[in-house]
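> fold the following.
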Amino acid sequence: MATRHERMQKLLRHYRDVTGIKEVDMHELAKFAAEKGWPLPTPAQPIDLLAQEFSRAAREETRHDSVTKRPYRVNHAFTVLRDGQQMTLWIDIEEAQRKPMEMSVTNRREQVVSDLVMVSYDVEHWNRINPNDEPIVIQTDMTDDVAWRMNAPTDDEQQRAG
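Just a heads-up that it's a prediction; the model follows:
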């Protein structure tokens, strides 16, 4: 039996076939699905919505290093297993012990690697099915990109120079 997401993917293909639309607005797809009888999700519990909003707020908070003046994220998420349940906890970088901080940055690094692997697969496929077009080349070694971004002038520096 197909999973919910597999059924959604099938409906997405059907929507493209029926409408001829290639660049899909997911809100329009959702309206189409609802009109076809796709069950609307049960609204999240208010406490869950508030927890998600707090997570977004925590993720956005930055401070600037007093020596380097560079920004850094204040709050870092890491997962733990408690009572047989996986849960996400948040720590302030100023108070973080090594293990949870390492877990947090390792998880973020794994997300980046996963994204690069999928982008590489996507480009490989596109290049294969479009042999008459110039191939898309994606660089996956991000060492230089990170160094350039870390050393790029800030908006303030650019305004003072301009």
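
> gap between the closest residue to residue 10 other than its chain neighbours and residue 54?
The shortest distance from residue 10 to any non-neighbouring residue, by CB to CB, 6 or more residues apart in numbering, is to residue 2 (7.2 Å). From N, CA and C alone the C-beta is placed, and that goes for glycine too. Using CB to CB, to the nearest Å, residue 2 is found at 35 Å from residue 54.

> looking at these two, which is more packed in?
For residue 2 versus residue 54, the count of surrounding residues by other CB atoms under 10 Å is larger for residue 54: 12 against 9.

> need the pLDDT of the more buried one.
pLDDT, residue 54: 95.

> try residue 155
So residue 155 comes in at 70 (pLDDT).

> number of residues surrounding it?
Residue 155 has 8 nearby residues by other CB under 10 Å.

> right, and the helix or strand after the longest helix anywhere in the chain?
Longest helix of the chain, by residue count under DSSP state H: helix 98-129. Downstream of helix 98-129, the first helix or strand assigned by DSSP states H and E is helix 143-151.

> buried residues in that following helix?
By 16 or more other CB atoms under 10 Å, helix 143-151 has no buried positions at all.

> please compute how far that helix lies from its chain's middle.
The chain centroid and the centroid of helix 143-151 are separated by 20 Å under CA atoms, centre = their mean, to the nearest Å.

> residues in contact with it?
70, 139 (CB atoms under 8 Å, 6 or more residues apart in numbering).

> how about 10 Å then?
Contact with helix 143-151 is made by 68, 70, 139, 142, as judged by CB atoms under 10 Å, 6 or more residues apart in numbering.
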